[in-house]
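Peer 1: Could you work out the structure for the sequence below:
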Amino acid sequence: MALVTTAEVCDANPQLIVSGELRALQPIFQIYGRRPVFSGPIVTIKVFEDNVLIREFLEEKGNGRVLVVDGGGSLRCAILGGNPVVQAQNNGWAGIVVNGCVRDVDEINGCDIGVRALHSHPMKANKKGMGEKHVPITIAGTRICDGEWLYADTDGILISKTELSV
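Peer 2: Reported below is the predicted structural model:
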């Protein structure tokens with residue numbers, strides 16, 4: 001796909017917006033990482049103040065996918081830090097969107113990967129391995145399913161039921 005902004009995608013696809021096949025996340029995320037523009041097929045995970053399952057996913061080959069994490073919107077600790085982001089970059093993940101906090105911001109900002117999160121927080125997460133993989137999640141006012149497509153740039157984040165060709 002040619003480099004097209006999320007705004008242009010919205011302007012070119014009003015019928016997909018009306019049908020709900022193309023949705024915009026509420027603008028609640030901070031931009032981290034050196035890749036402000038990224039896209040790919042979505043892998044979902046649901047956790048709360050626990051990052052074991054996140055780390056397990058990012059140890060796998062990303063193949064251009066985007067990990068979307070419903071962290072319950074917790075602002076009490078970081079569920080994603082620098083080491084897993086470096087691993088995600090090295091394993092070919094296109095990006096990570098976290099409905100929660102990150103830490104090691106300087107390290108994350110040095111990585112060639114797109115990261116979105118609510119905020120940064122210095123405290124680390126629990127390591128109990130609790131959570132659910134490949135489940136429908138709802139973050140930023142939008143239901144997101146495994147296998148849908150995510151498109152992010154500095155204007156925002158779009159979710160599409162299918163890969164878009166613009």
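Peer 1: Going by C-alpha atoms from here, please, whenever you check contacts or count neighbours.
Peer 2: Noted.
Peer 1: just for the chain, where's the confidence low?
Peer 2: 1-3, 166 (pLDDT under 70).
Peer 1: And the residue nearest to the spatial centre of the chain, which helix or strand is it part of?
Peer 2: Centroid-nearest residue in the chain: residue 97, 1.8 Å away (criterion: CA atoms, centre = their mean). Element membership for residue 97 (DSSP states H and E) is strand 95-102.
Peer 1: My guess is residue 28 contacts residue 118. True?
Peer 2: Yes - using CA atoms under 8 Å as the test, residue 28 is close enough to residue 118 to be in contact (6.3 Å).
Peer 1: Which positions in the strand holding residue 97 come out as buried?
Peer 2: 95-102 (16 or more other CA atoms under 10 Å).
Peer 1: what do you get for stretch 132-150?
Peer 2: For stretch 132-150, a neighbour-count test (16+ other CA under 10 Å) marks 137-140, 144-150 as buried.
Peer 1: ok, residue 20 to residue 161 distance?
Peer 2: Residue 20 sits 9 Å away from residue 161, going by CA to CA, to the nearest Å.
Peer 1: Looking at the two, which has the bigger crowd around it?
Peer 2: Between residue 20 and residue 161, residue 161 has the larger neighbour count (other CA atoms under 10 Å), namely 18 against 13.
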